[in-house]
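Participant: Quick one: sequence and predicted model below, then my questions.
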Amino acid sequence: MNPHRVIQVWINQQQTVLPSPAHLSDAIAAAAVKPPFAAAVNQVFVPKKNHATHVLQEGDQIELIVPVTGG
């Protein structure tokens with residue numbers, strides 16, 4: 001087993017390489033997004049309680065959506 005294996009994912013339409021195995025929480029850390037935000041993988045919402053256990057696959061599309069405030 002290669003200890004230096006990586007996967008390529010897309011975070012907010014930006015190509016990102018993460019060490020494998022990678023979880024959604026790793027992608028969130030790589031993007032340095034601050035709460036509050038919502039997360040979706042391949043257009044499917046992932047609840048916050050599942051961020052650390054949701055395993056990412058090669059080519060996953062991750063959207064981290066931060067609410068817009070103001071008026």
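Facilitator: Noted; the coordinates are in hand. Numbering: from 1, shown residues only.

Participant: Check residue 71 and give its pLDDT.
Facilitator: Looking at residue 71, its pLDDT reads 69.

Participant: ranges for the helices of this structure?
Facilitator: With DSSP state H as the criterion, the chain has helices at 24-31.

Participant: ok, now how distant is the spatially most central residue of it from residue 55?
Facilitator: Note on the chain: the residue nearest the mean C-alpha position is residue 27, at 3.6 Å, using CA atoms, centre = their mean. Distance of residue 27 to residue 55, computed by CB to CB, to the nearest Å: 11 Å. All C-beta atoms are positioned from the backbone trio N, CA, C, and that covers glycine.

Participant: now swap in residue 10 and tell me
Facilitator: From residue 10 to residue 55 the distance is 16 Å (CB to CB).

Participant: and what of residue 4?
Facilitator: Using CB to CB, residue 4 is found at 18 Å from residue 55.

Participant: ok now do residue 53, which residues does it touch?
Facilitator: The contact partners of residue 53, by CB atoms under 8 Å, 6 or more residues apart in numbering, come to residue 23.

Participant: Model confidence for it, exactly?
Facilitator: The predicted local confidence for residue 53 is 98.

Participant: Provide a list of residue ranges in this structure with pLDDT below threshold.
Facilitator: 1-3, 71 (pLDDT under 70).

Participant: switch the cut-off to 90
Facilitator: 1-4, 68-71 (pLDDT under 90).

Participant: still on that earlier bit, more neighbours: residue 4 and residue 55, which one.
Facilitator: The neighbour count for residue 4 versus residue 55, taken as other CB atoms under 10 Å, is higher for residue 55 (12 against 6).

Participant: surely the more buried one meets residue 23?
Facilitator: Yes: Residue 55 lies in contact with residue 23 (CB atoms under 8 Å); the separation is 6.0 Å.

Participant: returning to what we had before: thought residue 15 was touching the residue nearest to the centre of the chain, still the case?
Facilitator: No: taking contacts as CB under 8 Å, residue 27 lies outside contact range of residue 15: 12.0 Å.

Participant: tell me, what's touching those two both at once?
Facilitator: Common contacts of residue 27 and residue 15 (CB under 8 Å, 6+ apart): residue 9.
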